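Visitor: Here's my sequence, what's the structure:
(chains A and B)
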Amino acid sequence: MSTALDTRPTPDAAPQDPGTGPAGLSGGAALRTVVGMELRQRLRSRGWYVLLGLFFLLVGAVTLGALGLRALSAGEMTGMTAADQEAALRTAGQWMFDGVLMFALTLALLVAPALAANAISGDRAGGTLAITQVTLLSTWQLMAGKWLAAWIASAAFVAAALPWLVVAAVVGRVPPLYVLVGILMILVEFAVVTGIGVAVSAIAGRTLFAVVVTYLLVAALTIGSVVALVLSMQFTSMTVQASQPEHAYPEENLSEEEAASMSDDDWAAYYAEQQRQFPQAYDNIADRCVGPVLDQEVPDGRRVAWLVAPNPFVVVADASPWIVRPGGSSAGSAPEAGPLNWLSAVYRQAQRDPRASVECLDGELRGIDPNVMPTREETWPMWPLGLAMQGALTAGLLWWGHRRLDTPAGQLAAGTRVA
Amino acid sequence: MTTTALPAPGGITAHGLARSFGAVHAVRDVSLTAPAGSVTALVGPNGSGKTTLMLILATLLRPDRGSVCVAGVDAMTDPAAARARLGWMPDTLGVWEALTCRDILTSLGRLYGMRAADAAARAREQLAWVGLEEFADRPARVLSRGQQQRLSLARATVHRPAVLMLDEPANGLDPTSRLRLRDDVRAMAAQGTAVLVSSHVLSELEEMADRAVFVNAGATVAVKDLTGSDDAAGERPYRIAGPDPSRLPELVRALEARGVPLEAGPERHRPGVVVRLRGEDAAAALLADLVAAGVPVSRLAPEGSRLENAYLDLALDGGARPQPIEGDRA
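Guide: Next up, the predicted model:
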């Protein structure tokens, strides 16, 4: 009937015979297909690999550079024993491990929202969302696939950092459990952030809006939680009665002429000798209580300590075991290994009864060392609470996103087209 | 064949559909059938609710009222079963730009529940069918608009749907691609697929459609069969012209003398006048009469397509037909 039909390469049109319809779609096949499409569609770009390569090089440069500097300075210190040098290197390795872990987490927190928030709104803008929605794919399968793909993409940053994490862990003799927990926890945090991103992407009509909202939510978790804790502690102070602690120093047994003729080095040597002779006078512990016992306002974080729990950095830090180094200056199981332990301890400080750290409470000299961190035993772990709060937020957003995305659609967001 | 109470188990049956977005009643009352083995055109002006209706039929949008039955399955209560039986090509083509044509077809086949090997074989088959084999492993972004549209058709039919819905399929296509599309659609209908095509390019719909459903302001206003011969009693416009444009007044006088009302005058590149006649017999009689009276006639042919006339008769966009002229009585 027309020339177009006659010139068809395959005039056989039999393949279009309408069938009875295919069988059901299994969950595994659905996930694999969505993840495969998503990874190929969004990540099959040179820019992505350049970014990963840069991340690998940057982390490597920081790791090697810091270790090299540390080794150099350790070698220059002639007074150092071999044991001291090893301890210094070990501390450096521990710091590098914590640093690389937190750097990977930071970068993933920056990249994951953009990746995830594009997942569904990007398809909506490209017109491909509706096409997948008329298949047998369920809305939950679609969201799960997008989530998994975004998580895999952000986990690539951990993979890129992994060689350096291993180097740092070996140098720092970081316990295997600590390494395992650290990597596991940042992968869990990636799941939270990408889950939020995918959910917001399903809720929001526009890609840009989804990206901005996801960044705001991540900022609320990371920065907002800390700000909330600091601010709220101003309003939850308690009143204690205490007098003024005072430090007593031994008298400087020097004449004016002697003092005037001493060089800086002389002074350093003098104080070193003083500290050796009178160790109690030069510690940070108060030596006497003076003045009247008065009302004092001290911050009390016990009721608001949970505010900081959903912070991704706090969750990772707080879940990491505390490493107690032999020969540490502080008593008990207080941590002093790396930044993660320190971060955990600082935030757990908010859980303590403020009276525990008030010197000269009721005018009584108690001999409290202000540098001593809270022990694990006297505080409660914050990370399970943090995970629960993050999980509740993510689950709530995903549920909302599912409601928005599910078809046949009951309601449409203002200005959105389902096709 | 009909074991259920449903009138058309192979096609689409929709009853009393309504859907509003806030205060906007996009679809107020639409009922239509698209029987298996034929091509049904969905015709209406812009904003008449065609796309909303297509979205409801494609199970993407829930109607406020009404029912949709796709290939014997109630699409409201069992959307998954309906989706397995329907193919949908939206007006926005929606191409995964970084994926290859093969990837797209294979993945979609998988999403329709095919096994990996079956999906791969089906993708090959579909690529051959739409003539995109040489682009099989190239990203879809390199395709031209016509090729993307063909890929989209292959995608919409990857699961051998019993019902195929095409929303403005010929948008932006060159004439060759449009002819191909028409042939593809006709071929599928010939094999028993129920095809529903929405468009406002009427000439193209006329080429491929067996039936037309007219919608306006969110409601079905008419259904017209396009397969049969012209309705003998039906009036339709004819354009009559002589070889010499300067002798038009003579023709006009001859027509007026015979009581044939004029409907439109000459237009650019379209000489002569338009009159309304009842069927082919009336046209033949008028021609014989004019020739016998010595009025030179070089052309007497139906004006516009049947679909176009039906569309204009319904005054769908609220406007009237081109106003009759008083004739050139100079």
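Visitor: Can you give the distance from stretch A:211-231 to the centre of its chain?
Guide: Relative to its chain's centre, stretch A:211-231 lies at 12 Å (C-alpha atoms, centre = their mean, to the nearest Å).
Visitor: Tell me which stretches of the chain form strands.
Guide: No chain specified, so I'll use chain A. Secondary structure of chain A (DSSP state E): strands at A:238-246, A:288-298.
Visitor: my question was about chain B
Guide: Going by DSSP E, chain B shows strands at B:12-21, B:24-34, B:39-43, B:65-70, B:73-74, B:86-89, B:163-167, B:194-199, B:211-216, B:219-225, B:235-241, B:262-264, B:273-278, B:299-302.
Visitor: got the ones you listed as a markdown table, with mean pLDDT columns?
Guide: Formatted as a markdown table, these follow (pLDDT from 0 to 100):
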| stretch | mean pLDDT |
| --- | --- |
| strand B:12-21 | 91 |
| strand B:24-34 | 91 |
| strand B:39-43 | 92 |
| strand B:65-70 | 92 |
| strand B:73-74 | 90 |
| strand B:86-89 | 94 |
| strand B:163-167 | 93 |
| strand B:194-199 | 92 |
| strand B:211-216 | 90 |
| strand B:219-225 | 86 |
| strand B:235-241 | 83 |
| strand B:262-264 | 79 |
| strand B:273-278 | 85 |
| strand B:299-302 | 84 |
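Visitor: Serialize those to TSV and add fields for distance to residue A:362 and mean neighbour count.
Guide: C-beta: built from backbone N, CA, C; applies to glycine. Formatted as TSV, the strands of chain B follow (distance: least, C-beta to C-beta, whole Å; neighbours: other C-beta atoms under 10 Å in any protein chain shown):
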stretch	distance to residue A:362	mean neighbour count
strand B:12-21	70	19
strand B:24-34	73	20
strand B:39-43	87	27
strand B:65-70	77	20
strand B:73-74	79	19
strand B:86-89	79	26
strand B:163-167	81	26
strand B:194-199	85	26
strand B:211-216	86	22
strand B:219-225	85	16
strand B:235-241	107	20
strand B:262-264	107	18
strand B:273-278	109	20
strand B:299-302	109	14
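Visitor: Just give me the neighbour total for the residue nearest to residue A:311 when sequence neighbours are not counted.
Guide: In this structure, residue A:311 finds its nearest non-sequential neighbour in residue A:225, 4.3 Å apart by C-beta to C-beta, 6 or more residues apart in numbering or on different chains. Neighbourhood size, residue A:225 [other C-beta atoms under 10 Å in any protein chain shown]: 23.
Visitor: and if you look at residue A:90?
Guide: Neighbours around residue A:90, by other C-beta under 10 Å: 17.
Visitor: pretty sure residue A:182 is touching residue A:316, no?
Guide: Yes - the pair residue A:182 and residue A:316 qualifies as a contact (C-beta atoms under 8 Å) at a distance of 6.7 Å.
Visitor: Now list whatever residues contact both of the two.
Guide: Taking C-beta atoms under 8 Å, 6 or more residues apart in numbering or on different chains as the criterion, residue A:182 and residue A:316 both touch A:101, A:340.
Visitor: burial count for the residue of the stretch 201-350 of chain A found nearest chain B?
Guide: Nearest to chain B in the stretch 201-350 of chain A, going by C-beta to the nearest C-beta, is residue A:205, at a distance of 13.7 Å. Neighbour count for residue A:205, taken as other C-beta under 10 Å: 16.
Visitor: ok, and the closest non-adjacent residue to the residue of the stretch 251-400 of chain A found nearest chain B?
Guide: Across the stretch 251-400 of chain A, the shortest distance to chain B (C-beta to the nearest C-beta) belongs to residue A:400, at 18.0 Å. Nearest residue to residue A:400, sequence neighbours excluded (C-beta to C-beta, 6+ apart): residue A:203, at 5.7 Å.
Visitor: any idea how far residue A:105 is from the one you found?
Guide: Using C-beta to C-beta, to the nearest Å, one obtains 25 Å as the distance from residue A:203 to residue A:105.
Visitor: Give me the more crowded residue out of the two.
Guide: Between residue A:203 and residue A:105, counting by other C-beta under 10 Å, residue A:105 is the more crowded of the two (27 against 21).
Visitor: Let me see the contact set for the more buried one.
Guide: Counting by C-beta under 8 Å, 6+ apart, residue A:105 touches A:186, A:189, A:312, A:313, A:316.
Visitor: got the residue ranges for the helices in chain B?
Guide: Along chain B, counting by DSSP state H, helices occupy B:50-57, B:79-85, B:101-111, B:116-129, B:145-156, B:175-190, B:202-208, B:248-257, B:279-292, B:306-313.
Visitor: quick one: is the third one near chain A?
Guide: Yes - legend: contact between helix B:101-111 and chain A by C-beta under 8 Å from any C-beta of the partner chain is shown at B:103, B:107, B:108, B:110, B:111.
Visitor: Equivalent analysis for the fifth one, please.
Guide: Yes - counting by C-beta under 8 Å from any C-beta, chain A has neighbours in helix B:145-156: residue B:155.
Visitor: Quick one: mean pLDDT for that helix?
Guide: What helix B:145-156 shows for mean pLDDT is 90.
Visitor: just curious, which of the residues of helix B:101-111 next to chain A is nearest to residue B:297?
Guide: residue B:108 (56.5 Å; C-beta to C-beta).
Visitor: who are the neighbours in contact with that closest one?
Guide: A:131, A:132, A:135, B:155, B:158, B:159.
Visitor: Just the buried residues from those, in PyMOL please.
Guide: Restricted to buried positions by 16 or more other C-beta atoms under 10 Å in any protein chain shown, the PyMOL selection for these reads:
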select buried, (chain A and resi 131+132+135) or (chain B and resi 155+158+159)
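Visitor: Pipe the contacts of residue B:108 into TSV and attach distance to residue B:122 per row.
Guide: What follows is these, written out as TSV (distance: C-beta to C-beta, whole Å):
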residue	distance to residue B:122
A:131	16
A:132	17
A:135	14
B:155	11
B:158	6
B:159	8
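Visitor: Relative to the whole chain's centre, how far out is the longest helix anywhere in chain A?
Guide: When chain A is parsed with DSSP H, its longest helix is helix A:82-117. Offset of helix A:82-117 from its chain centre (C-alpha atoms, centre = their mean): 10 Å.
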